[in-house]
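Undergrad: Take this sequence and fold it.
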Amino acid sequence: MAHSRLSDPEYRNWVIVGRAIQITRNGLETIIQNAADKYHTSLLTTLPNNVHAWKSHLQNAHRSRDKRKMSWSNSDNTQWLTVGASWEIAKIFMAPLGRRKLDVVSAKTTDISGLLNILEWSPRGTNGIFNTGVDLSKIADARSARNLWAHAPLLHVTDADKVNAFASLTSLLQDPELHHDKDVHDAINKLTSLLNTGLAVIEEKELELFVQLKQQLGQDIVSLGSDMSCWKDEVGANLEQIKDQIKGLDEFVKKNELQDALKTVDTRISHLEDSTITTNSRLEKLEAISETQQLSCDMEQELKFNPVSDRMKEEFVGREWLFSDIGNWLEKDLGPRESRAFLIWGGAGTGKSSFAQEFVRRHEGEKLAGYHYCQKDNPRTCDLKSLVYSLSSMLSKSLPEYAALVEKLQTDQFRDDPNALFDLLITTPLQQLNESTRHFLIIDGLDEGGSMIASCLARLSGTLPSWLRVILTARHNAPALSGLFLKSTSAKLDHLETSLESLSSKDIRQFVSMKYRKLQTEYNCIPSFFANDEQVGQEKIVQASQNCFLYAKLVMEHIFDGHNEIGLPASLSEIYCLDFKRRIPDIEFFEKKVAPVLQIVLAIQSAKAFLRKEI
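TA: Down below sits the predicted model:
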């Protein structure tokens with residue numbers, strides 16, 4: 001960064017206004033997230049259980065006058081009816097996000113433009129996201145302050161514009177709909193302090209602001225592309241309408257000999273056609289620029305994973321013995337030849353991913369250096385290059401000395417060699433560091449990540465310095481892990497112990513008891529399965545689950561939902577089969593009508609995953 005620029009007062013103003021925008025965004029984050037969660041919960045309670053009804057309701061609720069501009073493509077409608085997926089609804093009230101939509105998973109990962117859109121376009125009133133809603137003029141002024149900063153020529157902001165920007169942002173936060181929130185109140189105080197004192201260490205904020213500016217301009221490009229697409233459609237429609245009018249006008253001209261008028265109209269048509277061609281050309285160039293920029297950015301950015309929902313936090317119980325074992329292992333001094341890896345083995349539904357997410361939640365901001373979740377249905381998470389860039393980004397935030405080591409590294413020559421890239425950005429820099437505090441990495445679903453990721457992490461676990469460990473989760477007998485991690489410390493989540501006092505039995509019993517109380521409160525009833533003796537019914541599920549949390553969860557939800565006839569299925573597979581038969585009783589209909597469509601969808605998804613991997 002050229003520090004000579006800091007002597008320029010208008011450049012300093014630009015940096016300070018950028019910081020003010022960050023403060024405002026951070027102040028709005030919690031209140032908007034809570035409002036979106038509450039709104040989604042009310043929809044789950046009041047709307048029918050089908051996507052069509054939800055879409056109709058949301059279209060009516062959206063406050064935009066032009067319903068054609070609603071950003072349906074931002075949202076995954078398959079998640080609308082899922083508890084904890086409130087942000088898939090919130091994204092409908094934003095401008096088009098383009099490829100960024102997968103990274104925007106909560107208020108925390110949404111920029112100020114998206115949050116302002118929600119304030120403006122979301123429904124208001126008793127059944128809305130907000131009650132009276134925020135004054136639209138205040139939203140417009142805050143957006144103008146953001147645009148002033150993002151589009152500032154030469155990154156300059158005048159003193160007068162700086163004062164106006166602060167006034168607009170403060171006025172927004174002081175709106176009666178918002179000002180009662182603690183985070184909003186804190187943001188108002190920070191803005192007042194920033195305006196009066198400026199930034200004490202302005203250099204530290206410059207890089208953050210350039211990253212923020214890059215994201216904001218990328219969002220502007222996506223929105224502009226969407227607007228130009230609508231404009232293109234309107235121009236095309238107008239052109240067709242004028243051509244229809246010309247046919248009638250031609251007859252009129254013949255009768256009244258208005259040749260000059262016809263020539264004028266022809267000229268206008270010609271200009272309109274030229275305008276359409278120009279618009280198409282600009283749109284194509286814009287799309288090309290946007291795609292190129294986005295592909296470049298996506299690969300090298302930190303991957304965003306869905307945050308742990310409040311419901312998941314509430315429903316996580318047990319495994320304290322495992323937290324204790326890993327805690328002791330992290331504090332233990334290991335010899336130079338001992339593996340730095342701790343493997344958590346378990347079958348489907350035993351809670352590996354839930355444990356990993358809970359471990360991350362408990363240690364984020366402390367000893368956690370970075371984490372990654374390999375998810376087979378998201379190809380980017382199983383791509384070694386994406387994992388390298390994502391982990392490197394997290395490590396740079398948690399370990400300043402690491403950030404200094406990798407800041408100037410040239411990676412272009414390794415773009416086609418992910419193994420070499422892993423060593424360049426992960427293995428070598430970590431070996432050079434000597435931290436005084438113990439840290440750890442968490443990698444979940446290693447079996448889903450594939451052999452390339454597994455072999456890199458196995459190699460890493462044998463070379464890490466004593467202050468850094470890696471915690472991994474995987475299924476048993478995964479081909480990708482064959483012959484790897486043989487000397488690592490490990491724990492099994494589905495080790496079958498017959499003793500009622502075994503650690504695993506206590507975990508599943510605690511979970512079943514918690515789930516029973518929660519469902520009983522939600523349904524306000526006691527199903528016949530538990531009518532004679534609640535404790536005996538719960539114990540039957542504990543024994544049948546064989547330490548599979550997912551089995552216990554699904555069985556209990558089915559029982560409380562009125563499906564006592566299922567008895568106790570022998571396995572997860574049998575649960576899914578019973579659920580399938582209940583939803584589609586006519587197997588012949590499924591085989592003739594539904595299965596062919598699903599095969600096509602599966603083929604398309606497989607092809608998309610393959611192409612993405614090839615790219």
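Undergrad: so who does Pro9 touch?
TA: By CB atoms under 8 Å, 6 or more residues apart in numbering, Pro9 lies in contact with Asp159. In this view, the C-beta of every residue, glycine as well, is placed from N, C-alpha and C.
Undergrad: 10 Å instead, please
TA: Residues near Pro9 by CB atoms under 10 Å, 6 or more residues apart in numbering: His156, Val157, Thr158, Asp159, Lys162.
Undergrad: and the residues you listed, which of them are in helices?
TA: The helices, defined by DSSP state H, take in Asp159, Lys162 from these.
Undergrad: The contacts of Pro9 into CSV, with extra columns for pLDDT and distance to His180?
TA: Shown next, in CSV, are the contacts of Pro9 (pLDDT from 0 to 100; distance: CB to CB, whole Å):
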residue, pLDDT, distance to His180
His156, 89, 36
Val157, 91, 31
Thr158, 92, 34
Asp159, 91, 32
Lys162, 93, 28
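Undergrad: Put the buried members of the contacts of Pro9 into a PyMOL selection.
TA: The PyMOL command for the buried members of those (criterion: 16 or more other CB atoms under 10 Å) is given here:
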select buried, resi 157+162
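Undergrad: Let me know the closest of the contacts of Pro9 to Asn189.
TA: Lys162 (18.4 Å; CB to CB).
Undergrad: in terms of contact, does the closest one touch Ile21 like I think?
TA: No - look at Lys162 against Ile21 with CB atoms under 10 Å: they stay out of range, at 11.7 Å.
Undergrad: residues near Ser528, how many?
TA: 11 (other CB atoms under 10 Å).
Undergrad: how much space between it and Phe560?
TA: Ser528 sits at a distance of 11 Å from Phe560 (criterion: CB to CB, to the nearest Å).
Undergrad: Equivalent analysis for Leu550, please.
TA: Distance check for Leu550 against Phe560: by CB to CB, it reads 16 Å.
Undergrad: need the strands for the chain, in chain order.
TA: With DSSP state E as the criterion, the chain has strands at 341-345, 368-373, 439-444, 468-474, 489-492.
Undergrad: okay, the residue nearest the centre of the chain: pLDDT?
TA: In the chain, the centroid-proximal residue (CA atoms, centre = their mean) is Val105; its distance is 2.8 Å. Val105 carries a pLDDT value of 92.
Undergrad: That one against Asn74, yeah?
TA: No - using CB under 10 Å, Val105 makes no contact with Asn74, being 11.6 Å away.
Undergrad: Mutual contacts of these two, please.
TA: Each of Trp87, Glu88, Lys91 lies in contact with both Val105 and Asn74 under the rule CB under 10 Å, 6+ apart.
Undergrad: Could you pull up the residues touching the last one?
TA: When contacts are counted by CB under 10 Å, 6+ apart, Lys91 is found next to 36, 71-76, 97, 101, 104-105, 110, 114, 117-118.
Undergrad: Now, of these, which are buried?
TA: Buried members of the contacts of Lys91, scored by 16+ other CB under 10 Å, are Ala36, Ser71, Asn74, Ser75, Leu97, Lys101, Val104, Val105, Thr110, Gly114, Asn117, Ile118.
Undergrad: quick one: which of the residues you listed is nearest Ser505?
TA: Checking those against Ser505 with CB to CB, the nearest one is Val105 at 35.4 Å.
Undergrad: Tell me the spacing between the closest one and Ser466.
TA: Separation of Val105 from Ser466 (CB to CB) stands at 35 Å.
Undergrad: try Gly537
TA: 50 Å.
Undergrad: What of Pro379?
TA: In terms of CB to CB, Pro379 sits 35 Å off from Ser466.
Undergrad: cool, Arg99 as well?
TA: To Ser466, Arg99 is 41 Å away according to CB to CB.
Undergrad: ok, back up a step: out of the shared contacts of Val105 and Asn74, which are inside helices?
TA: Among these, DSSP H puts Trp87, Glu88 in helices.
Undergrad: Same list, the shared contacts of Val105 and Asn74, but as a markdown table with distance to Lys67 and pLDDT please.
TA: Formatted as a markdown table, the shared contacts of Val105 and Asn74 follow (distance: CB to CB, whole Å; pLDDT from 0 to 100):
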| residue | distance to Lys67 | pLDDT |
| --- | --- | --- |
| Trp87 | 21 | 95 |
| Glu88 | 19 | 94 |
| Lys91 | 16 | 94 |
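Undergrad: Any idea which helix or strand in this structure has the lowest mean pLDDT?
TA: When each helix and strand of the chain is scored by mean pLDDT, DSSP states H and E, helix 259-300 comes last, with a mean of 51.
Undergrad: Can you read off the pLDDT for Gly84?
TA: Note on Gly84: pLDDT of 90.
Undergrad: between Leu550 and Phe560, which one's more packed in?
TA: Shown here are Leu550 and Phe560; by other CB under 10 Å, Phe560 has more neighbours (21 against 16).
Undergrad: In contact with that one, which residues?
TA: Contacts for Phe560 (CB under 10 Å, 6+ apart) come out as Lys515, Tyr516, Lys518, Leu519, Gln520, Glu522, Tyr523, Cys525, Ile526, Pro527, Phe529, Phe530.
Undergrad: run the last query once more with 6 Å
TA: Leu519, Tyr523, Pro527 (CB atoms under 6 Å, 6 or more residues apart in numbering).
Undergrad: One more: His179?
TA: Applying CB under 6 Å, 6+ apart to His179 gives no contacts.
Undergrad: where does it land on pLDDT?
TA: In the prediction, the pLDDT value recorded for His179 is 90.
Undergrad: ok, it to Phe323 distance?
TA: 40 Å.
Undergrad: now Trp329
TA: Note on Trp329: its distance to Phe323, by CB to CB, is 11 Å.
Undergrad: between those two, what contacts are shared?
TA: Common neighbours of Trp329 and Phe323 (CB under 6 Å, 6+ apart) do not exist.
Undergrad: circling back: kindly indicate which of the contacts of Pro9 lies nearest Asp186.
TA: Lys162 (21.3 Å).
Undergrad: check contacts around the closest one.
TA: Contacts were defined as CB under 6 Å, 6+ apart; by that measure Lys162 touches Asn13, Val17.
Undergrad: Now render the strands of the chain as JSON lines, adding distance to Leu424.
TA: Formatted as JSON lines, the strands of the chain follow (distance: least, CB to CB, whole Å):
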{"stretch": "strand 341-345", "distance to Leu424": "21"}
{"stretch": "strand 368-373", "distance to Leu424": "16"}
{"stretch": "strand 439-444", "distance to Leu424": "17"}
{"stretch": "strand 468-474", "distance to Leu424": "17"}
{"stretch": "strand 489-492", "distance to Leu424": "28"}
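Undergrad: quick one, which of these is nearest to Ser398?
TA: strand 368-373 (4.9 Å).
Undergrad: hey, C-alpha coordinates of that closest one in PDB?
TA: Output in PDB follows, covering the C-alpha atoms of strand 368-373 (Å, rounded to 0.1, in the frame of the first residue of the first chain):
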ATOM      1  CA  LEU A 368      -9.100 -22.500  16.100                       C
ATOM      2  CA  ALA A 369      -6.800 -21.700  13.300                       C
ATOM      3  CA  GLY A 370      -9.100 -22.800  10.500                       C
ATOM      4  CA  TYR A 371     -11.800 -25.300   9.400                       C
ATOM      5  CA  HIS A 372     -13.200 -26.900   6.300                       C
ATOM      6  CA  TYR A 373     -16.300 -29.100   5.700                       C
END
